[in-house]
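Peer 1: heads up, no residue letters with this:
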């Protein structure tokens, strides 16, 4: 420990734990400016979250963690906090991400458990706690595609193409707003769910961007994970399973065919956003690790949009204008069976 910030961390942990007999081991980073360290004291472990205030405000994390904990969501307990410096001391969920446990034999049971917890999350009244996933927000997310991915491919849409893109984004945003509005984690996938020793509930992390939005959003985040792909028929089986455990209020005037369309259109909105985000992580933040996942996300987008005529003209633009350059720069996705 030699930087000024690391000395600050050392002093703060010592004050919280009342001891200087601890070890601190920083872990590998992710897509954010946060970093984590495991603290070991007397054979017990805790997690430090270090979020420099000028880069990341950890107040939303604290507020949401405390709200979720109060309502029975399995989030890490906060054991100490210093918002001025951006330090949190958290319960340690361990190292076992759900993603590391998934295979053909285990995925159905683990996803069934995640759906059960997701329905419980959606049952919480969070309208006074979380911002709305507004029309403007949904549009601005999709514009990451035009702001980052298209320029990375040296694609400058014509006025006609720009109008087509705008109309398509409006269709997708309106489709999301027409669905039942519930608490949305917004990054509910297998890398943000953790297996906790001795517990059946999965630990939920990385929830600080939660909003009130479409009830299919978190379902498609995990079922159509940007980091792993499952057989499309299996995914629709999970959609049906999730639909069956939804409360009747979310199924009123909404048969499974409509629910499936809701989920598909929500997924397409998210894929467009992620294509832009992964390119931005590389171009702006120098994080190249997400580029390998771009072909999978593009494959999802092309597959899921095929049956929706309202998206046909936009997808023709993707096929004719975007795909030749995309494939050349980012590669082709090898489809699983």
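Peer 2: Structure's in. What do you need? Everything numeric here is computed off the predicted structure, so don't read it as measured data.
Peer 1: so what are the domain limits for the protein?
Peer 2: Following automatic domain parsing, the chain resolves into domains at 4-91, 98-330.
Peer 1: Where among those domains is average confidence lowest?
Peer 2: Among the domains of the chain, domain 4-91 carries the lowest mean pLDDT, at a mean of 92.
Peer 1: now that domain: how far from the chain's centre is it?
Peer 2: Centroid separation between domain 4-91 and its chain, computed with CA atoms, centre = their mean, to the nearest Å, is 21 Å.
Peer 1: One more: stretch 228-245?
Peer 2: Distance of stretch 228-245 from its chain centroid, counting by CA atoms, centre = their mean, is 18 Å.
Peer 1: Determine which stretch of the domains of the chain is the most buried.
Peer 2: domain 98-330 (a mean of 17; mean count of other CB atoms under 10 Å). To be clear about C-beta, it is placed using only N, CA and C from the backbone, and glycine gets the same treatment.
Peer 1: Show the residue spans covered by the strands in the stretch 51-200 of the chain.
Peer 2: Here the stretch 51-200 of the chain has its strands, by DSSP state E, counting those that start in this stretch, at 78-82, 87-91, 181-184, 193-195.
Peer 1: One more: the stretch 201-337 of the chain?
Peer 2: Listed in chain order, the strands of the stretch 201-337 of the chain (DSSP E, counting those that start in this stretch) span residues 202-204, 211-214.
Peer 1: who touches the shortest one?
Peer 2: The reference is to strand 202-204. Here strand 202-204 makes contact (CB atoms under 8 Å, 6 or more residues apart in numbering) with 68, 73-76, 93, 98, 110, 113-114, 117, 185, 188, 192-196.
Peer 1: Helices of the stretch 151-300 of the chain, start to end?
Peer 2: Assigned by DSSP state H, counting those that start in this stretch, the stretch 151-300 of the chain shows helices spanning 159-177, 217-223, 232-245, 256-283, 294-304.
Peer 1: quick one: the fourth one to helix 159-177, angle?
Peer 2: Think helix 256-283. Going by axes from the mean of the first three to the mean of the last three CA atoms, to 10 degrees, helix 256-283 is angled at 120 degrees with respect to helix 159-177.
Peer 1: For helix 256-283, name the packing helices and strands.
Peer 2: Counting contacts by 3 or more CB pairs under 8 Å, 6 or more residues apart in numbering; DSSP states H and E, helix 256-283 packs against helix 135-144, helix 159-177, helix 217-223, helix 232-245, helix 294-304.
Peer 1: angle of that helix against helix 232-245?
Peer 2: Inter-element angle recorded for helix 256-283 and helix 232-245: 120 degrees (by the same axes, to 10 degrees).
Peer 1: Over to the last one?
Peer 2: Helix 294-304 and helix 232-245 meet at an angle of 70 degrees, taking the same axes, to 10 degrees as the criterion.
Peer 1: what's the spacing between the closest residue to residue 89 other than its chain neighbours and residue 297?
Peer 2: Counting by CB to CB, 6 or more residues apart in numbering, residue 89 lies nearest to residue 80, which is 3.7 Å off, once chain neighbours are set aside. With distances taken as CB to CB, to the nearest Å, residue 80 is found 38 Å from residue 297.
Peer 1: And for residue 119?
Peer 2: Taken as CB to CB, the span from residue 119 to residue 297 is 26 Å.
Peer 1: Kindly report the same for residue 276.
Peer 2: 10 Å.
Peer 1: per-residue pLDDT, residue 2?
Peer 2: We have a pLDDT of 56 for residue 2.
Peer 1: mind starting the numbering at 365 from now?
Peer 2: Sure, I'll start numbering at 365, so the last one becomes residue 366.
Peer 1: which ones are touching the residue nearest the centre of the chain?
Peer 2: Centrality entry for the chain: nearest residue to the mean C-alpha point is residue 551, 1.8 Å, by CA atoms, centre = their mean. Counting by CB under 8 Å, 6+ apart, residue 551 touches 570-571, 573, 585.
Peer 1: can those go into CSV with extra columns for distance to residue 646?
Peer 2: Below are the contacts of residue 551 laid out as CSV (distance: CB to CB, whole Å):
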residue, distance to residue 646
570, 20
571, 25
573, 21
585, 21
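Peer 1: what's the closest of the residues you listed to residue 504?
Peer 2: Using CB to CB, residue 573 is the member of those that lies nearest residue 504, at 13.5 Å.
Peer 1: Tell me who's in contact with the closest one.
Peer 2: Contacts of residue 573 by CB under 8 Å, 6+ apart are 424, 550-551.
Peer 1: how close does it get to residue 589?
Peer 2: Taken as CB to CB, the span from residue 573 to residue 589 is 17 Å.
Peer 1: cool, and residue 534?
Peer 2: To residue 589, residue 534 is 27 Å away according to CB to CB.
Peer 1: Next: residue 536.
Peer 2: Using CB to CB, we find residue 536 at a distance of 20 Å from residue 589.
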